[in-house]
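**Q** My questions concern the predicted model and sequence given below.
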2 protein chains.
Amino acid sequence: MSKRKGEVTRERIVAQTAGLLNREGYLRTPVSEIMRVTGLQKGGIYNHFESRQALTLEAFDFAVARMRDRLLSAVASERSAKDKLRALIEAFRDSTQGPAMEGGCPITNMAVESDDADPELRAAARRAMGQLIGLFEKVVAAGIEHGEFAKGDARARATHLVAAIEGALMLSNLYKDKTYLHSVAERLKQEVSAGL
Amino acid sequence: MSKRKGEVTRERIVAQTAGLLNREGYLRTPVSEIMRVTGLQKGGIYNHFESRQALTLEAFDFAVARMRDRLLSAVASERSAKDKLRALIEAFRDSTQGPAMEGGCPITNMAVESDDADPELRAAARRAMGQLIGLFEKVVAAGIEHGEFAKGDARARATHLVAAIEGALMLSNLYKDKTYLHSVAERLKQEVSAGL
């Protein structure tokens, strides 16, 4: 197998596994399901990854990277902190349309599955969630500095925004009904406009 | 086996399985783990439940009932809608101390695990979440009727409160750090005091 072909196959496995595990579960999905969606035998998969855990971590990182790209491009086109926060909330609101987010937010999914069950996967979820809250916090802190928001705890406000949007994503995914996500996003955008 | 002894054993299995599945996962936890925490053989368990799925549903209902009792007793001792909502938020904030809530909120855990994977368990999560949002909505609607809150969409405000508190519970459980839950609860109580 040429190196180039091997890399292409590897990336395809990661992308296909990312969607599968985010829908069906990071921990519980059997390797037979990964074989089914990739069309590969067990040996063909483990030729590229040293373990099921290694593939799970790469698939999770892939889904999180897709989400992060989407959020970073949403803030990049805005100037004020209020506009950036509203753009982040809208990116979340519309995120269920993307293939990597089918099945909900990968970070929350991994968090709920791993928090009391798998320390290595939990560490990956903590890192990703830390970066997500950190992104919101940075924007809130800049808004405080430029007088868009009253002085106060940027971290607490970022946590509130992330908790509410993640909870709303969970509700919309449970009911397969975007009303929950849209309603909470509208409320959060009003809170941002009102100065948080 | 006398009927009485059988019932006691059955209830013990449900209670022990409820804690286990809420921590380790409703879908992925193997029956061998249920055997370990109950100290029973497979036959001893299936003597009381027709299937693993039936036991999972009973264990989930048990955890949800414990949570509901706690929330209902929190609102029962308050008179105004604002006091009732603040009591509900505080009951959630302190809920991680209860044994049935170890591992996070059973409804969110079941929701995230089942939403794209198991329609019967998802239906159970939808019913329980519907009752939870309904409890908040009823209090908000009473508050609107009695002039404690401005006229508006009681359902949307209830959804916002539940989404934020569930998201915060998830974050606290991910980081094993109650700061997230306490910070979001403080914020939501301020929103309630300010009229939602």
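**A** Alright, I've got the coordinates. Residues are numbered from 1 along each chain as shown, chains lettered A, B, ... in the order given.

**Q** okay, CA-based contacts and neighbour counts for the rest of this
**A** Fine.

**Q** From the rest of the structure, what touches the helix or strand residue A:67 falls within?
**A** Following DSSP states H and E, one finds residue A:67 within helix A:52-76. Contacting residues not belonging to helix A:52-76 are listed as A:14-15, A:17-19, A:21-22, A:26, A:31, A:46, A:49, A:83-85, A:87-88, A:91-92, A:100-101, A:106-107, A:121, A:124, A:128, A:132 [Cα atoms under 8 Å, 6 or more residues apart in numbering or on different chains].

**Q** C-terminal to that helix, what's the next element?
**A** On the C-terminal side of helix A:52-76, the closest following helix or strand by DSSP H and E is helix A:81-93.

**Q** pLDDT (mean, whole number) over the longest helix anywhere in chain A?
**A** Selection of the longest helix in chain A by residue count, based on DSSP state H, yields helix A:119-145. Per-region confidence: helix A:119-145 scores 98 on mean pLDDT.

**Q** gap between residue A:180 and chain B?
**A** Note on residue A:180: its distance to chain B, by Cα to the nearest Cα, to the nearest Å, is 7 Å.

**Q** quick one, phi/psi of that residue?
**A** Backbone geometry at residue A:180, expressed as degrees, to the nearest 10, gives phi -60, psi -50.

**Q** Return the residues of chain A in contact with chain B.
**A** Contact residues (Cα under 8 Å from any Cα of the partner chain) of chain A with chain B: A:23-25, A:27-28, A:103, A:108-109, A:111-113, A:115-117, A:122, A:125-126, A:156, A:159-168, A:170-171, A:173-175, A:180, A:183-184, A:187.

**Q** quick one on the thing from earlier: buried ones among the contacts of helix A:52-76?
**A** Buried residues within the contacts of helix A:52-76, defined by neighbour count using 16 or more other Cα atoms under 10 Å in any protein chain shown: A:14-15, A:17-19, A:21-22, A:26, A:49, A:83-85, A:87-88, A:91-92, A:100-101, A:106-107, A:121, A:124, A:128, A:132.

**Q** Residue A:195: helix or strand, and which one exactly?
**A** Counting by DSSP H and E, residue A:195 is found in no helix or strand.

**Q** Check whether it really touches residue A:150, as I assumed.
**A** Yes. Judged on Cα atoms under 8 Å, residue A:195 makes contact with residue A:150 at a distance of 6.9 Å.

**Q** Extract the CA atoms of stretch A:11-18 and return them as PDB.
**A** What follows is stretch A:11-18 as a C-alpha-only set of coordinates in PDB (Å, rounded to 0.1, in the frame of the first residue of the first chain):
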ATOM      1  CA  GLU A  11      -8.600   9.900   7.000                       C
ATOM      2  CA  ARG A  12     -11.700   8.200   5.500                       C
ATOM      3  CA  ILE A  13     -12.000   5.800   8.500                       C
ATOM      4  CA  VAL A  14     -11.700   8.700  11.000                       C
ATOM      5  CA  ALA A  15     -14.300  10.800   9.200                       C
ATOM      6  CA  GLN A  16     -16.800   7.900   8.900                       C
ATOM      7  CA  THR A  17     -16.200   6.700  12.400                       C
ATOM      8  CA  ALA A  18     -16.600  10.300  13.800                       C
END
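
**Q** End to end on stretch A:144-161, go ahead and measure it.
**A** For stretch A:144-161, the first and last residues are 16 Å from each other (Cα to Cα, to the nearest Å).

**Q** tell me which residues in it are buried?
**A** Taking 16+ other Cα under 10 Å as the neighbour-count basis, stretch A:144-161 is seen to contain the buried residues A:144, A:148, A:149, A:154, A:155, A:156, A:157, A:158, A:159, A:160, A:161.

**Q** I would like the residues contacting that stretch, please.
**A** Here stretch A:144-161 makes contact (Cα under 8 Å, 6+ apart) with A:81-82, A:133-134, A:136-138, A:140-141, A:143, A:188, A:195-196, B:164, B:168, B:180, B:183-184, B:187.

**Q** Give me the distance between that stretch and the centre of its chain.
**A** Relative to the chain's own centre, stretch A:144-161 is displaced by 22 Å; criterion: Cα atoms, centre = their mean, to the nearest Å.

**Q** next one: stretch A:142-153
**A** Using Cα atoms, centre = their mean, the mean C-alpha position of stretch A:142-153 is found 26 Å from that of the whole chain.

**Q** in chain A, which helix or strand is least confident?
**A** Of all helical and strand segments in chain A, the minimum by mean pLDDT, DSSP states H and E falls on helix A:3-24, at a mean of 92.

**Q** by contact count, what packs against it?
**A** Other elements packing on helix A:3-24 under the criterion 3 or more Cα pairs under 8 Å, 6 or more residues apart in numbering or on different chains; DSSP states H and E are helix A:31-38, helix A:52-76.

**Q** and the longest one with helix A:31-38, angle?
**A** When you say that, I think you mean helix A:52-76. Counting by axes from the mean of the first three to the mean of the last three Cα atoms, to 10 degrees, helix A:52-76 points 50 degrees away from the direction of helix A:31-38.

**Q** between helix A:52-76 and helix A:3-24, how big is the angle?
**A** For the pair helix A:52-76 and helix A:3-24, the angle between their directions (the same axes, to 10 degrees) equals 80 degrees.

**Q** what comes up buried for helix A:52-76?
**A** Of the residues in helix A:52-76, those buried by neighbour count under the rule 16+ other Cα under 10 Å are A:55-64, A:67-68, A:70-71, A:74-75.

**Q** Thanks again, I'm all set now.
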